[in-house]
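>>> Kindly generate the corresponding structure for this input.
(2 chains)
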Amino acid sequence: MLRTRLIKNAIAKQSSFVLLLISLSVVIIIGIGLTFKSIPLFESFNIWDLLTNHVWAPMKGSFGFLPFIMGTLSVTLVALLISCPLCILSSIYLTEYASNALKNMVLPLINVLAAIPPVLYGVWGVLFIVPAIQSYIAPLFGVSTSGYTILAGGIVLSVMIFPIMISIMVEVLKTIPAELKAASLSLGATKWETAQKVILRKAKPGIIAAIVLAISRAFGETIAVLMVCGNVSKIPTSIFDAGYPIPALIANNFGEMMSIPLYDSALMFSALLLFVIIFGFNLISRIILNRLEGKHNG
Amino acid sequence: MDNLKTRLFKEKVAKGFMQLSGMLVTGSLFFIIGTILYKGLPYLSWEMITQLPKGGFYMGKEGGILNAILGSLYLAGVATVLATIIGVPIALFLNIYIKTSSKLAQYSKLMFDILYGIPSIVYGAVGFTIMVYFGIRASLLGGIITITLLTIPIVVRTVDELIRTVPNDLKHVTLSLGATNWEVAKVFILHIKPGIFTAILLAFGRAIGDVAGVLLTTGFSDNLPRYIDEPAATLPLAIFFQLSSPIPEVQGRAYASALILTFIILIIVICTHILSSKQNKHKL
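Have a look, this model is predicted:
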């Protein structure tokens, strides 16, 4: 019957539209919910003080987020220093040098790396990276440490962001027109010179977008860094110091936050901080990537 | 310009470095799995996966982690089903009912991309706040809701990618035969069926491995989850708790639990791989 078919169609359309609205409203709920919970903290302190104060003593009513911000930034920086060069070089190799057979073998393996849950990265960090730092790497620099350090967090994180970096970089490098490469190669440039001076230059916005996405992944990673970073709320001064990233702060303290005044508000403020930064970073890089893709298709 | 010899030498060095990086990146996978296998295998036993924790389990006495395995399977299973029921229609709506070039479709896809990048600790914190507000205690239900929200973007994005690989002609032909949009959607579902299972598996993998979201919302329990409003154990949390114990036996069990989780993830990955090659054969 035409009528029943049309009714079915209308029902399907309306209900999926409602589902869409509900799912998208999650963004707004997160934003409003966290802001709402942070308001008590804003009433007592101004934001600038919260972000630059380095004393974290909730019992005494002092909420300084600087150690955690520095913890997050330093872990992420170490991770980027390790994974950026490795991922850029591997992506160029995969797109420009590697045979199809190799590509078809390596890319699925990278996907497996993406599927491994954070807690397993954490276990690997505790079993291998932490002891390695304690007994080999730190003594090399004349430092003695338990191994639970910024460096350990950075190494574990760097491996965790390999997949997102490589998969996006490979996609970006694929969009570079073959004519450009052919022009450069036919002028006598070597493949490496072409990669340096033509491909990387052309792919720069996409590569930056990939790195920004990786940064936001690193900012939000909780359990793996929590397991290997040492969690001491002091501003780290070297990579062999323990650190305390923001997500670890939330995960470690949510249980007791109800009993101390403003504590819950402070933790929700740190979640808000993460949300705002990661939202912004994701927005920028997704817009860049969408534009690149659009150009490629058009 | 350097002379040809140095340039070719540079080329060789650069290529060497690239191969080395490729090997390091790929090798890290085997390294991680190898470490867990090496440490976990000696502690793996039948008892681990068939028994509940008994008295003194966390002191190194008898028992297993059946509570965590089942808890994780329930949680991830229900959350994945819900995310599929919600996510697949959304992806179909964005591609079939409205024009893909429309503002609504473009902005919605951008939002799902962003939601996909929001870390689970933020979802967990919001879920926790809402539960406190309504006076709900940490429970399987809280975890399921949080993890469902976390996995919806995965389903939407994956199915959306799939639909985009289907030639537009299929839509036009079906419509011109007099079909309604809903009937077009059904044809599409038939066409991308193996791919939808891939999306489901991806979501399941993410759901079963998540810690930060469940840590705040699901709690932990040594019993089997019987009701949805009770706290439940999850496998990643069991690993985390056992690993932080100072007792060697308990730590060993953490390695074995990690190995069990690795097996589950590898099974999921292999199934995904098989399904996506099926989808490729399905291509028009």
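>>> Contact residues of the stretch 151-298 of chain A facing chain B?
Residues of the stretch 151-298 of chain A lying close to chain B by Cβ under 8 Å from any Cβ of the partner chain are A:159, A:162, A:166, A:190-193, A:195, A:213, A:216-217, A:219-223, A:227, A:247, A:250-251, A:254, A:258, A:267-268, A:271, A:274-275, A:278-279, A:281-283, A:286-287, A:290. No exception for glycine: its C-beta is placed from N, CA and C like everyone else's.
>>> Just the buried ones out of those residues, please.
In those, burial by neighbour count holds for A:159, A:162, A:166, A:190-193, A:195, A:213, A:216-217, A:219-223, A:227, A:247, A:250-251, A:254, A:267-268, A:271, A:274-275, A:278-279, A:281-283, A:286, counting by 16 or more other Cβ atoms under 10 Å in any protein chain shown.
>>> Tell me which entries of these lie within strands.
Among these, no member is found in strands (DSSP state E).
>>> Okay, and which of those residues map to helices?
Mapping those onto helices (DSSP state H) picks out A:159, A:162, A:166, A:191-193, A:213, A:216-217, A:219-220, A:223, A:227, A:247, A:250-251, A:267-268, A:271, A:274-275, A:278-279, A:281-283, A:286.
>>> Test my guess that B:Glu11 contacts A:Thr194.
No: taking contacts as Cβ atoms under 8 Å, B:Glu11 lies outside contact range of A:Thr194: 10.0 Å.
>>> Now do the helices in the chain.
This is for chain A. Secondary structure of chain A by DSSP H: the helices cover A:2-44, A:47-52, A:66-92, A:100-115, A:118-124, A:130-132, A:138-140, A:150-174, A:178-186, A:191-194, A:200-220, A:223-229, A:246-253, A:263-297.
>>> my bad, the chain I had in mind was chain B
According to DSSP H, the helices that chain B contains are B:4-40, B:46-50, B:66-92, B:103-117, B:120-134, B:140-165, B:168-176, B:181-191, B:193-209, B:212-217, B:235-243, B:248-281.
>>> Against chain A, how distant is B:Met48?
When Cβ to the nearest Cβ, to the nearest Å is the yardstick, B:Met48 and chain A sit 16 Å from each other.
>>> Chain B versus A:Ser16, what's the distance?
For A:Ser16 relative to chain B (Cβ to the nearest Cβ), the value is 4 Å.
>>> residues contacting that residue?
Contacts for A:Ser16 (Cβ atoms under 8 Å, 6 or more residues apart in numbering or on different chains) come out as B:89-90, B:92-93, B:97.
>>> in the stretch 51-200 of chain A, what residue is nearest chain B?
Nearest residue of the stretch 51-200 of chain A to chain B, counting by Cβ to the nearest Cβ: A:Pro117, 2.4 Å away.
>>> Tell me, please, where in the stretch 51-200 of chain B the pLDDT is lower than the cut-off.
For the stretch 51-200 of chain B, residues meeting the criterion pLDDT under 70 lie at B:55-60.
>>> Under the pLDDT cut-off, which ranges of chain A? List them.
Using pLDDT under 70, chain A drops low at A:295-298.
>>> Quick check: the residue of the stretch 51-200 of chain B nearest chain A.
B:Pro119 (2.4 Å).
>>> Tell me how many other residues surround that residue.
Burial of B:Pro119 is recorded as 24 neighbouring residues (other Cβ atoms under 10 Å in any protein chain shown).
>>> can you list the helices of chain A in CSV and add distance to B:Phe240?
Formatted as CSV, the helices of chain A follow (distance: least, Cβ to Cβ, whole Å):
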stretch, distance to B:Phe240
helix A:2-44, 24
helix A:47-52, 29
helix A:66-92, 18
helix A:100-115, 19
helix A:118-124, 6
helix A:130-132, 15
helix A:138-140, 25
helix A:150-174, 14
helix A:178-186, 47
helix A:191-194, 44
helix A:200-220, 17
helix A:223-229, 6
helix A:246-253, 10
helix A:263-297, 19
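>>> winner for burial among those helices?
Among those, ranked by average contacts under mean count of other Cβ atoms under 10 Å in any protein chain shown, first place goes to helix A:223-229 (a mean of 29).
>>> check contacts around the residue nearest to the spatial centre of chain A.
In chain A, the residue lying closest to the centroid (Cα atoms, centre = their mean) is A:Arg217, at 1.6 Å. By Cβ under 8 Å, 6+ apart, the contact set of A:Arg217 is A:160-161, A:164, B:117, B:119.
>>> Closest to A:Lys37 out of these?
Nearest to A:Lys37 out of those is B:Pro119 (Cβ to Cβ; 17.4 Å).
>>> The closest one contacts B:Ala212, doesn't it?
Yes: contact criterion Cβ under 8 Å: B:Pro119 and B:Ala212 qualify, at 6.9 Å.
>>> Need the residues touching each of the two.
In terms of Cβ under 8 Å, 6+ apart, B:Pro119 and B:Ala212 are both contacted by the residues A:222, A:247.
>>> What count of nearby residues applies to the closest residue to chain A within the stretch 151-284 of chain B?
Here the residue of the stretch 151-284 of chain B nearest chain A is B:Gly209; by Cβ to the nearest Cβ that distance is 2.4 Å. Neighbours of B:Gly209 under the rule other Cβ under 10 Å: 24.
>>> what sits against it?
By Cβ under 8 Å, 6+ apart, the residues touching B:Gly209 are A:115-120, B:236, B:261, B:265.
>>> 7 Å instead?
If you count contacts by Cβ atoms under 7 Å, 6 or more residues apart in numbering or on different chains, B:Gly209 has them with A:117-119, B:236, B:265.
>>> just A:Val78 next, same as before
A:150-151, A:154, A:239.
>>> now with 6 Å?
A:Gly154 (Cβ atoms under 6 Å, 6 or more residues apart in numbering or on different chains).
>>> repeat for the one 5 residues further on
For A:Ser83, the set of contacting residues under the criterion of Cβ under 6 Å, 6+ apart consists of A:158, A:161-162.
>>> Likewise for A:Asn282?
A:216, B:114, B:117.
>>> hmm, 8 Å instead?
Residues near A:Asn282 by Cβ under 8 Å, 6+ apart: A:213, A:216, B:113-114, B:117-118.
>>> For B:Ala207, see how far away it is.
A:Asn282 sits 21 Å away from B:Ala207, going by Cβ to Cβ, to the nearest Å.
>>> now swap in A:Ala132 and tell me
32 Å.
>>> Which residue lies closest in space to B:Gly124, excluding its sequence neighbours?
Nearest non-adjacent residue to B:Gly124, counting by Cβ to Cβ, 6 or more residues apart in numbering or on different chains: B:Leu216, 3.8 Å away.
>>> what number of residues lie near that neighbour?
26.
>>> check contacts around it.
A:250-251, A:254, B:121, B:124-125, B:127-128, B:138, B:146.
>>> Go again with 10 Å.
Residues near B:Leu216 by Cβ atoms under 10 Å, 6 or more residues apart in numbering or on different chains: A:250-251, A:254-255, B:120-121, B:123-129, B:131, B:138, B:142-143, B:146.
>>> swap in B:Thr146?
Neighbour list for B:Thr146: B:75, B:79, B:120, B:123-128, B:130-131, B:207, B:210, B:212-214, B:216-218 [criterion: Cβ under 10 Å, 6+ apart].
>>> Repeat that for B:Asn223.
Contacts of B:Asn223 (Cβ under 10 Å, 6+ apart): B:52-53, B:67, B:71, B:230-233.
>>> Is B:Leu170 in contact with B:His191, as I believe?
Yes: with contacts counted by Cβ atoms under 10 Å, B:Leu170 reaches B:His191, the gap being 7.0 Å.
>>> ok, the spatially closest residue to A:Ile239 that is not a sequence neighbour - contacts?
Closest residue to A:Ile239 apart from its sequence neighbours, by Cβ to Cβ, 6+ apart: A:Leu151 at 4.3 Å. With contact taken as Cβ under 10 Å, 6+ apart, A:Leu151 is in contact with A:74-75, A:78, A:82, A:129-130, A:132-133, A:137-138, A:145, A:228-229, A:236, A:238-241, A:243.
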